[in-house]
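> Below is the structure, and that's it, no one-letter string:
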């Protein structure tokens with residue numbers, strides 16, 4: 001491989017993502033397949049990279065899936081985490097991006113790359129070193145963290161750990177700048193160990209790290225990738241207020257802070273994001289997380305749109321002329337207010353073609369969305 005693109009410099013830009021939009025339109029994608037955020041054109045379907053084993057076969061399948069997804073014009077959003085497949089998902093994305101750039105298909109500024117940190121992990125390229133052994137050798141023994149920094153949910157918010165994770169993710173992805181970095185299931189991993197006020201102090205220090213890396217142009221935005229905290233009742237121990245999280249970011253980074261995204265599960269079984277009125281913003285009460293995010297200028301990526309395939313076994317009524325089972329699940333999610341894109345995981349080419357087929361048609365218009373959502377939620381069996 002040429003050394004020319006061993007490190008991909010730059011980040012997603014308005015001009016670059018507009019170039020990808022034009023490329024996508026030339027591949028038959030409708031312009032409305034893309035969402036505009038901060039002048040960036042982002043595809044309303046993203047590729048997730050959670051599933052798979054840390055082996056060479058799944059490496060190759062995922063690399064090819066990254067390559068073909070971006071080449072198709074359907075996807076310019078790729079999501080990962082440092083712990084996915086023990087760092088090998090990030091490394092695979094990096095190789096796929098290098099191939100795409102070397103082959104002249106894209107430039108770095110056309111794609112939006114997201115990752116997460118916080119969970120402990122080992123490095124899958126050294127399979128003889130287990131997770132706890134890796135953390136001990138790399139972080140505890142050198143004095144970067146101590147064992148009390150590891151939560152009962154195997155998560156670390158120590159700023160030294162977060163910094164090292166970002167540095168490692170940059171290397172794994174072969175990037176000079178990551179477009180979006182999330183803190184990964186932080187409250188879900190810590191709420192049994194610390195009270196909420198202590199957690200907010202810990203989160204503030206993480207945000208300080210992210211702002212430092214923004215200043216150094218090593219990340220562009222940051223956010224919170226979550227499981228339950230934005231999808232439970234306000235009186236639940238697991239609950240967080242999105243407005244309070246934004247206030248922490250404002251205190252750390254001012255009004256130009258980089259906290260602009262959250263990620264949460266959302267599908268036809270986990271419909272809390274759309275239906276549960278558990279958030280407040282200012283004087284407005286009883287808002288859903290989608291509504292609160294809109295008020296706070298936060299955009300949302302959603303996880304497990306197919307519930308890891310389980311929803312494909314459900315009976316879902318056809319709507320808006322859509323009969324494909326994957327498309328029926330994804331179309332309503334990508335059409336939801338405040339949602340940039342559901343993140344779909346796949347590696348096999350046959351799954352790629354089916355999962356990305358929805359990119360050939362426009363998302364639902366707001367009035368269409370309102371008409372179908374109630375029937376869909378009632379019709380899943």
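Arrived safely. All values reported here derive from a predicted model rather than from experimental measurement.
> tell me the centre residue of this structure?
Nearest to the mean C-alpha position of the chain, by Cα atoms, centre = their mean, lies residue 79 at 4.8 Å.
> Just list whatever residues bridge to it.
Beta-bridge pairing of residue 79 under DSSP bridges involves residue 48, residue 114.
> how far away is it from residue 182?
For residue 79, the distance to residue 182 equals 9 Å [Cβ to Cβ, to the nearest Å]. The way it works is simple: take the backbone N, C-alpha and C, and place the C-beta from them, glycine included.
> Overlap in contacts, these two.
114, 115, 263 (Cβ atoms under 8 Å, 6 or more residues apart in numbering).
> ok, those residues vs residue 235, which is closest?
residue 263 (23.7 Å; Cβ to Cβ).
> Now the closest residue to that closest one other than its chain neighbours, what are its backbone angles?
Using Cβ to Cβ, 6 or more residues apart in numbering and skipping residues adjacent in sequence, the residue nearest residue 263 is residue 225, 4.1 Å away. Main-chain torsions, residue 225, degrees, to the nearest 10: phi -90, psi 120.
> if I pick the residue nearest to the centre of the chain, what's in contact with it?
46, 47, 48, 49, 114, 115, 263, 301, 343.
> Around the first one, count how many other residues there are.
Neighbour count for residue 46, taken as other Cβ atoms under 10 Å: 26.
> Can you tell me how far residue 283 is from residue 26?
For residue 283, the distance to residue 26 - Cβ to Cβ - is 47 Å.
> between the two, who's got more neighbours?
Between residue 283 and residue 26, counting by other Cβ under 10 Å, residue 26 is the more crowded of the two (9 against 5).
> tell me which element the residue nearest to residue 162 when sequence neighbours are not counted falls in.
Take residue 162 and drop its neighbours on the chain: the residue closest to it by Cβ to Cβ, 6+ apart is residue 209, 4.8 Å away. Residue 209 belongs to helix 196-215 when assigned by DSSP states H and E.
> Go through that helix and flag the buried ones.
Buried residues in helix 196-215, counted by 16 or more other Cβ atoms under 10 Å: 199, 200, 202, 203, 206, 207, 209, 210, 211, 212, 213, 214.
> same thing with stretch 63-78?
For stretch 63-78, a neighbour-count test (16+ other Cβ under 10 Å) marks 63-78 as buried.
> Among those, which ones are in strands?
With strands taken from DSSP state E, the overlap with the buried residues of stretch 63-78 comprises 77, 78.
> still on that earlier bit, I'd like the buried residues of helix 196-215 as TSV, with distance to residue 87 and pLDDT appended.
Formatted as TSV, the buried residues of helix 196-215 follow (distance: Cβ to Cβ, whole Å; pLDDT from 0 to 100):
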residue	distance to residue 87	pLDDT
199	26	98
200	29	98
202	24	98
203	24	98
206	20	98
207	24	98
209	19	98
210	20	98
211	25	98
212	23	98
213	19	98
214	23	98
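> Sweet, I'm off.
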